[in-house]
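>>> Next comes the sequence, and after it the predicted model I'd like to discuss.
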Amino acid sequence: MSRFRHALAERDAHILTLKSVIVLLCLCLAGVGYGWYTAPRNLTLYFPPDLRTGSTRPWWEVPPASVYAFTFYIFQQLNRWPDNGEEDYTRNLRALRAYLTPACQNWLDHDYQLRRDGGELRSRTRGIYELPGHGYSSRVEGDDKRPHPRVEVLGRDAWRVTLDVAVEEYYQNEPVKKALVRYPLQVVRYAIDAEINPWGLAIDCTDSTPQRLITEAKP
């Protein structure tokens, strides 16, 4: 009888061990399922422009080239008035709201009102273009006459971008302004809604007065 009792005890112990393993596996599966459910569905990764060589960087780090490309693209779209500045400017402000910080949006709204009240927008078209040789690969001289990068990293979530562009404006197809301007723009991380702003960046307007390089204007 002792042999049978010992066998039954071993069977019960084995069953208890199997139950414990099953419970442990269920807990592990529940944890994996919760982690899978809460994991982000989309993750923005930044790659260097030249993929012929490898690159190792933290996933959250935004390369300066990407910051420059974002800044120039949004700034160019903001200043593109193909038909009538009085309508195009305010339409651009609404369309690009997700790519501007609230403070910058308020500043541009005020700028629009001043230009509209001053008669600088009606029947006026505008466009800006990057100056040849002044793109991201080139370097710009600062006030101290020393070369600085086009994108200056101010911190993990902030950058200063220098754009050298040509600004052209026309009034009823007549050229009224052509200027070469250097814009120092502030850019910050702005990962609020990836659906409407996949870049995760926003322009925080200028951090100093734009510098006019060459100007050709007609009254």
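Ah, there it is.
>>> burial of Thr17, as a residue count?
As a burial measure, Thr17 scores 10 neighbours (other Cβ atoms under 10 Å). The C-beta positions use only the backbone N, C-alpha and C, and glycine is treated the same way.
>>> Past the helix or strand it falls within, which element shows up next along the chain?
Assigned by DSSP states H and E, Thr17 falls within helix 2-38. Next along the chain after helix 2-38, taking DSSP H and E as the criterion, comes helix 64-78.
>>> For that next one, name the packing helices and strands.
helix 85-95, strand 124-130, strand 151-155, strand 158-171, strand 174-189, strand 201-206 (3 or more Cβ pairs under 8 Å, 6 or more residues apart in numbering; DSSP states H and E).
>>> how about these, which one is nearest Leu78?
Comparison of these against Leu78 by Cβ to Cβ identifies helix 85-95 as nearest, at 5.2 Å.
>>> CA atoms only: put the closest one into PDB for me.
The C-alpha coordinates for helix 85-95 follow below in PDB (Å, rounded to 0.1, in the frame of the first residue of the first chain):
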ATOM      1  CA  GLY A  85      -1.500  87.300 -50.700                       C
ATOM      2  CA  GLU A  86      -4.600  88.400 -48.800                       C
ATOM      3  CA  GLU A  87      -6.100  85.000 -49.200                       C
ATOM      4  CA  ASP A  88      -3.100  82.800 -49.700                       C
ATOM      5  CA  TYR A  89      -1.300  83.900 -46.500                       C
ATOM      6  CA  THR A  90      -4.200  83.200 -44.200                       C
ATOM      7  CA  ARG A  91      -4.900  79.900 -45.900                       C
ATOM      8  CA  ASN A  92      -1.300  78.900 -45.400                       C
ATOM      9  CA  LEU A  93      -1.500  79.800 -41.700                       C
ATOM     10  CA  ARG A  94      -4.500  77.500 -41.300                       C
ATOM     11  CA  ALA A  95      -3.100  74.700 -43.300                       C
END
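>>> so it versus strand 158-171, what angle?
Calculated by axes from the mean of the first three to the mean of the last three Cα atoms, to 10 degrees, helix 85-95 forms an angle of 150 degrees with strand 158-171.
>>> Quick one: mean pLDDT for helix 85-95?
Averaging pLDDT along helix 85-95 gives 94.
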